[in-house]
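Visitor: 3D, please:
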Amino acid sequence: MAKYRITFKKSVAKDLRVIPKSDITKILSKIDTLSENPRGEGCIKLSGKENYRIRQGLYRIVYEIKDDVLVVNVVKIAHRTHVYKSNYKSFKGHVGADNN
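Guide: Numbers count the residues shown, from 1 in each chain. You can find the predicted model right below:
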């Protein structure tokens, strides 16, 4: 099987800033395994989207696979309790947010 190239959405750098360094090392190691087999053991396809996710400890790595160009694009890394929430939900209740 051909190796996939790993790319990151720009916002992933921001995601990594709040994660402890010891966990970042494990997360990056897990992401590196995606280049060999992006649909490997533990990979789950997310419903309603063309994204997949894998677990690393308490964190989830969400990514998309572009088979035609052999690219795995990491789009989100977050704690399991926050990874699937949209930006609107995460800001709900803050001053200036539309709380309807």
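Visitor: Count residues in the vicinity of Lys3, would you?
Guide: Neighbours of Lys3 under the rule other C-beta atoms under 10 Å: 9. C-beta here means a position set from N, CA and C on the backbone, and glycine is covered the same way.
Visitor: now swap in Ile27 and tell me
Guide: Applying other C-beta under 10 Å, I find that Ile27 has 20 neighbouring residues.
Visitor: helix/strand/coil for it?
Guide: Put simply, Ile27 is helix when judged by DSSP: H, G, I helix; E, B strand; the rest coil.
Visitor: Can you report how many residues lie near the closest residue to it other than its chain neighbours?
Guide: Of all residues not flanking Ile27 in the chain, Gln56 sits nearest, at 5.0 Å (C-beta to C-beta, 6 or more residues apart in numbering). When neighbours are counted by other C-beta under 10 Å, Gln56 registers 17.
Visitor: Also Tyr63?
Guide: Using other C-beta under 10 Å, Tyr63 has 25 neighbouring residues.
Visitor: do the same with Val62
Guide: Neighbours of Val62 (other C-beta under 10 Å): 21.
Visitor: what about the residue nearest to Ile27, distance to Lys21?
Guide: Noted for Gln56: a distance of 14 Å to Lys21, by C-beta to C-beta, to the nearest Å.
Visitor: Repeat that for Gly48.
Guide: 34 Å.
Visitor: Could you list the low-confidence segments of this structure?
Guide: Along the chain, segments meeting pLDDT under 70 span 1, 86-100.
Visitor: Which stretches in it count as strands?
Guide: Listed in chain order, the strands found in the chain under DSSP state E are 5-8, 44-45, 51-56, 59-66, 71-79.
Visitor: wait, which of these is closest to Ile27?
Guide: strand 51-56 (5.0 Å; C-beta to C-beta).
Visitor: contacts for the closest one?
Guide: 23, 26-27, 30, 34, 38-39, 42-46, 60-65, 75, 80, 83 (C-beta atoms under 8 Å, 6 or more residues apart in numbering).
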